[in-house]
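Student: Provide a 3D model corresponding to the input given below.
(chains A, B, C, D and E)
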Amino acid sequence: MDTTFARYNMASSAIDELYSTGTGFTIKRYTVPGIKDIPVACKILFEDYDCDIVMAFGMPGPMPVDKMSAQIASTGIMEVQLQEKRHIIEVFVHEDEARDDEELAWLSDRRAREHAINAYNIVFDPEKLTENAGTGLRQGFDDKGPAVGGNTYSHRH
Amino acid sequence: MDTTFARYNMASSAIDELYSTGTGFTIKRYTVPGIKDIPVACKILFEDYDCDIVMAFGMPGPMPVDKMSAQIASTGIMEVQLQEKRHIIEVFVHEDEARDDEELAWLSDRRAREHAINAYNIVFDPEKLTENAGTGLRQGFDDKGPAVGGNTYSHRH
Amino acid sequence: MDTTFARYNMASSAIDELYSTGTGFTIKRYTVPGIKDIPVACKILFEDYDCDIVMAFGMPGPMPVDKMSAQIASTGIMEVQLQEKRHIIEVFVHEDEARDDEELAWLSDRRAREHAINAYNIVFDPEKLTENAGTGLRQGFDDKGPAVGGNTYSHRH
Amino acid sequence: MDTTFARYNMASSAIDELYSTGTGFTIKRYTVPGIKDIPVACKILFEDYDCDIVMAFGMPGPMPVDKMSAQIASTGIMEVQLQEKRHIIEVFVHEDEARDDEELAWLSDRRAREHAINAYNIVFDPEKLTENAGTGLRQGFDDKGPAVGGNTYSHRH
Amino acid sequence: MDTTFARYNMASSAIDELYSTGTGFTIKRYTVPGIKDIPVACKILFEDYDCDIVMAFGMPGPMPVDKMSAQIASTGIMEVQLQEKRHIIEVFVHEDEARDDEELAWLSDRRAREHAINAYNIVFDPEKLTENAGTGLRQGFDDKGPAVGGNTYSHRH
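Tutor: Model prediction:
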């Protein structure tokens, strides 16, 4: 699920990472012109191709109109998840997150790969996510880590 | 219902508080990568695990893109509540609500615990909430209290 | 339908006003912690208590995050109305509409009461609203009145 | 479909214009307190009164909270159209579009009348709208006209 | 699917381009007054005229109220796509994207034509879009191209 608008081929990075991470899945790729075309394509992937999870790659530009498009796309992605009761991992890299084209390429590649692992864990290994709950993980730039070393009281469950 | 993005393990605080408050319930925990992954996970908790209520813990970052993500997540949480006709207690701590990491940890812990009691009351003791209607309660920072000592006319019902 | 977050007990003002205005109805009160918990509670009031109309009282705080919460709550209230095909009278008093606590209490009381009459008219006397169409009525502060004395051409219907 | 909040009786202007434009229709009027009460009323007009089209008149005030209300109302109006598969002509005049009360009254009257003709054409004469496609028509203030005299290539359809 | 509000007849440009690109389709044109009237018209085109894809042409003005209308229209267009599980290619040209009327006409014509080809490819030749994934294509102004020459690792699928 990616776009011709984006300036980096994030789907290929994610596909590369998924094949490094595990087996037992097949991948269907679907490319649309722009970010607002993504949600209905996600719905088609779930209903016509019976995907268990969808990764949605988009690269919003720096202008207000681009931010609005990203918001509308995200709202649609949310809606599709609720209609299908399945996860869509939204991997958006905003063009203005990076200082230059080189960083943009690096960030896009890294974020796509780290979210590919998230997608893999949601389907095959959900406990791994609970182990990292509240630890400040970030996809792309460095993790922020927990505030003040995390909780210190003892759980009673 | 929490995230690996958040920088404090709020779900553990809430679970701790719930076990201190009462009995007669079981807890299912579900962790997702980020805040926009929460709504569909809430739906899964209601439909596949038959939860009566869900607490959704998230920690939006300080950037505009983070605020937008929080808005979209909240909209999705709203939608799930209406589809399921059950409450989701949204416990979001914005990173920029706190001055530093220490306050962030303190605020996260306190808000999670106070909302855990709200969640408990909605299910087990709804009258307790009406007793406190319009009294300016806040979860985390100090309560603001009622304006001008509350209503002074006599109710006729 | 009110909250423990609000700093004035608006529901009690409205209930007081409704009992002054007429008879032939019963009232069900439902209190939730915050403004975003209101929509699903409205839905429960319509479906499980068979209410004809719901009044939703909320008091958004002055911060951007509070404004966002109000917007999301309003969107949910809109959605519930369309699902149920019944009116919800939203009575929100923004904390920053008033100069101080005293004005806030006065405004909350007055707006709650004037909207209680609107709710009564929608159910029992809808023509009364058409009589006042386009006359610039406000709930709480003074009415603004019509622009330039209203229409001056003759109606042919 | 109008409000007691608005400061001009736009519905009466539109009704006047409709009776000047043609015959073969009947009109049902429904007045609500404020702009956010409009969408569910539109739904009632479609479902309980079997209207073919609804005109929704509203006058958002100049404050940010008024703009937010207008946005939520518009979103609800959109939703109702999609649920009913029928058009709602939204006629909103923002109070701050006019310099003074006199212009506000003039603008409200003119916009209501011009949109009344649009509503008439959608139901009775849809080709008339295609004739004017891309010509920069405005309701109320002067039309802006086409950019650079419109298209110059020859159509082949 | 176009409007009388827009200042350029984009639908005619797109129709011209489609007839140059291929055969095997028929076109239904539907004109509405403004941008917020578009979504329900798209729904009518899908359900009553059984269209496979819809192109929606709009030209939002430069004022904040125009931007809000565009956002609401886009949200409705998104909703219709999800209800119908078919694509709507949204072709919006914001009036303030161009320096003057001449550029506005040029941009409108070019964007309409390039999106017409996108619409054609989605229906008849979807692989063509995947070939261009992540290459920074833009409709109207010059393409931005990929960041740093695109991905350099080898795909293993």
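Student: every contact and neighbour count from this point should use C-alpha atoms.
Tutor: OK.
Student: longest helix in chain A, please.
Tutor: Longest helix in chain A by number of residues, with DSSP state H as the criterion: helix A:101-124.
Student: the helix or strand following it near chain B anywhere?
Tutor: Next helix or strand after helix A:101-124 toward the C-terminus (DSSP states H and E): helix A:127-131. Yes: using C-alpha under 8 Å from any C-alpha of the partner chain, helix A:127-131 comes into contact with chain B via A:Glu127, A:Leu129, A:Thr130.
Student: can you tell me how far A:Ile72 sits from chain E?
Tutor: As judged by C-alpha to the nearest C-alpha, to the nearest Å, A:Ile72 and chain E stand 6 Å apart.
Student: before we move on, the earlier item: now do the buried residues in the longest helix of chain A.
Tutor: Neighbour counts over helix A:101-124 (16 or more other C-alpha atoms under 10 Å in any protein chain shown) mark A:101, A:104-122 as buried.
Student: ditto for stretch A:36-54
Tutor: So for stretch A:36-54, counting by 16+ other C-alpha under 10 Å, buried means A:36-46, A:51-54.
Student: so which of the residues you listed are in strands?
Tutor: A:Val54 (DSSP state E).
Student: and the closest residue to A:Asn9 other than its chain neighbours, which helix or strand is it part of?
Tutor: Leaving out its chain neighbours, the residue that sits closest to A:Asn9 by C-alpha to C-alpha, 6 or more residues apart in numbering or on different chains is E:Gly134, at 4.3 Å. Assigned by DSSP H and E, E:Gly134 falls within no helix or strand.
Student: so E:Gly134 touches A:Thr3, yeah?
Tutor: Yes: here E:Gly134 reaches A:Thr3: they are 6.2 Å apart, a contact under C-alpha atoms under 8 Å.
Student: and the pLDDT at A:Val65?
Tutor: You'll see A:Val65 listed with a pLDDT of 89.
Student: run through chain A and note the low-pLDDT ranges.
Tutor: A:1-2, A:4-5, A:148-157 (pLDDT under 70).
Student: what residues does it put near chain E?
Tutor: Close to chain E, as judged by C-alpha under 8 Å from any C-alpha, chain A has residues A:2-10, A:12-13, A:15-16, A:19, A:29-33, A:36-37, A:39-41, A:43-44, A:68, A:72-73, A:76, A:80, A:101-102, A:104-105.
Student: tell me which of those residues fall in helices.
Tutor: Short answer: the residues of chain A next to chain E in helices (DSSP H) are A:10, A:12-13, A:15-16, A:19, A:39-41, A:43-44, A:68, A:72-73, A:76, A:80, A:101-102, A:104-105.
Student: how about the contacts made by the residue nearest to A:Ala112 when sequence neighbours are not counted?
Tutor: Nearest-residue entry for A:Ala112: A:Ala14, 5.2 Å, with adjacent residues in sequence omitted and distances by C-alpha to C-alpha, 6+ apart. By C-alpha atoms under 8 Å, 6 or more residues apart in numbering or on different chains, the residues touching A:Ala14 are A:Asp109, A:Ala112, A:Arg113, A:His115, A:Ala116.
Student: gap between the fourth one and C:Ala11?
Tutor: It refers to A:His115. In this structure, A:His115 and C:Ala11 are 47 Å apart, going by C-alpha to C-alpha, to the nearest Å.
Student: same question, the second one
Tutor: From A:Ala112 over to C:Ala11 the distance is 50 Å, taken as C-alpha to C-alpha.
Student: likewise for A:Ile122?
Tutor: 44 Å.
Student: beta partners for A:Ile88?
Tutor: Beta bridges link A:Ile88 to A:Val54, judged by DSSP bridges.
Student: let me know whether A:Gly140 touches A:Ala105 as I believe.
Tutor: No: taking C-alpha under 8 Å as the definition, A:Gly140 is not a contact partner of A:Ala105, at 10.8 Å.
Student: residue nearest the centroid of chain A?
Tutor: By C-alpha atoms, centre = their mean, chain A has its centre lying nearest to A:Val91, at 3.0 Å.
Student: ok, A:Leu107 touching A:Phe141?
Tutor: Yes: if you go by C-alpha under 8 Å, A:Leu107 and A:Phe141 touch, sitting 7.2 Å apart.
Student: so what's the residue of chain A found nearest chain D up against?
Tutor: Going by C-alpha to the nearest C-alpha, chain D is nearest to A:Ile72 of chain A, at 12.8 Å. Taking C-alpha under 8 Å, 6+ apart, we find A:Ile72 in contact with A:Lys36, E:Gln71, E:Ser74, E:Thr75, E:Met78.
Student: go on, A:Glu47?
Tutor: Contacts of A:Glu47 by C-alpha under 8 Å, 6+ apart: none found.
Student: how near is it to B:Glu97?
Tutor: Distance from A:Glu47 to B:Glu97, by C-alpha to C-alpha: 41 Å.
Student: likewise A:Ser108?
Tutor: For A:Ser108, the distance to B:Glu97 - C-alpha to C-alpha - is 29 Å.
Student: cool, and A:Gln81?
Tutor: On the measure of C-alpha to C-alpha, A:Gln81 and B:Glu97 end up 30 Å apart.
Student: could you do A:Pro39 as well?
Tutor: A:Pro39 is 33 Å from B:Glu97, by C-alpha to C-alpha.
Student: do the same with A:His87
Tutor: In terms of C-alpha to C-alpha, A:His87 sits 29 Å off from B:Glu97.
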